[in-house]
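Visitor: Here is a sequence together with a model predicted from it:
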Amino acid sequence: MLVFKNKMEMLLYLSQEYLIFFLLFFSLFKGQKAWIEKTFSKRECVYVIANNKDVTNKNGEETKQVEAQPEKWSISKHTQTYPTDAYGNLEFQGGGHSNKYIRVSYDTKPDSLLHLMVKDWQLELPKLLISVHGGLQNFEMQPKLKQVFGKGLIKAAMTTGAWIFTGGVSTDALKDHSSKSRGRICAIGIAPWGIVENKEDLIGKDVSL
């Protein structure tokens, strides 16, 4: 039990405690950022394939060099990895809470991503994994059937504690129903960097949007 002679002594003690806590928190925060940048990489195109009609890039990004001779595009030859520079918190309109995001290369180790999501993002390990490919516009369904499909997917996720993996685009089957759901659903969108709108806003270390 701590006994203080006066209020000044108590305030001095508390200020030291808060200072130590702040320094410890700041140290852990810096260590977390260093681990993310050391562990995760982004991949960028460094060449494009030229043809007679147009010059295109497989990722839809700016490039540093153009190949004069046409050849088959390959990830290993025409892209290069760099430490990731896009991760942080993102709040969607009407979502009510922040969401984590990070830009990673396609060949990122799954165990590193799992560590990030469980230890850093504080997600609970799922009892079930649900993968949804494509958006609702790709399904030839009647409107009522689409609604049943979306509601059933949300209910399955909430009752089983599942993680739902989607293509991460606005047309995904979860868009309408997840926003109306009262419970929290763990939906993980995986989208190619090249198709993300306003992706320049996401670039930065521990960004909050």
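Guide: Noted; the coordinates are in hand. Numbers count the residues shown, from 1 in each chain.
Visitor: Any figure for the gap between residue 102 and residue 190?
Guide: 11 Å (CB to CB, to the nearest Å). Every C-beta, even on glycine, is put in place using the N, C-alpha and C of the backbone.
Visitor: in this structure, which ranges drop under the pLDDT threshold?
Guide: 1-31, 48-70, 93-97, 134-143, 145-146, 169-183 (pLDDT under 70).
Visitor: Domain ranges for it, per the record?
Guide: Recorded structural domains for the chain (assignment: automatic domain parsing) are 39-83, 85-209.
Visitor: now do the same end-to-end measure for the last one.
Guide: As for domain 85-209, its first-to-last residue distance stands at 15 Å under the measure CA to CA, to the nearest Å.
Visitor: which of residue 102 and residue 190 has more neighbours?
Guide: A direct count of neighbours by other CB atoms under 10 Å for residue 102 and residue 190 places residue 102 higher, at 18 against 11.
Visitor: Do you have the strands of this protein handy? List them.
Guide: 41-45, 48-50, 55-56, 66-67, 79-83, 86-91, 98-102, 129-131, 163-166, 186-189, 204-208 (DSSP state E).
Visitor: Buried deepest among those, which one?
Guide: strand 163-166 (a mean of 20; mean count of other CB atoms under 10 Å).
Visitor: now the helices for this structure?
Guide: Taking DSSP state H, the helices of the chain run over residues 7-39, 75-78, 110-115, 143-160, 175-180.
Visitor: Run a quick neighbour tally on the residue lying closest to residue 160 once chain neighbours are set aside.
Guide: In space, and not counting its chain neighbours, residue 160 is closest to residue 128: 4.5 Å by CB to CB, 6 or more residues apart in numbering. A count of nearby residues for residue 128, using other CB under 10 Å, gives 12.
Visitor: show me the contacts for residue 128.
Guide: Neighbour list for residue 128: 156, 157, 160, 161, 162, 163 [criterion: CB atoms under 8 Å, 6 or more residues apart in numbering].
Visitor: what do you get if the cut-off is 10 Å, keeping everything else the same?
Guide: 156, 157, 159, 160, 161, 162, 163, 164 (CB atoms under 10 Å, 6 or more residues apart in numbering).
Visitor: Check residue 201 too.
Guide: 86, 90, 207, 209.
Visitor: So the third one versus residue 90, what's the distance?
Guide: For residue 207, the distance to residue 90 (CB to CB) stands at 8 Å.
Visitor: who touches both of the two?
Guide: With CB under 10 Å, 6+ apart as the test, residue 207 and residue 90 both reach 101, 201.
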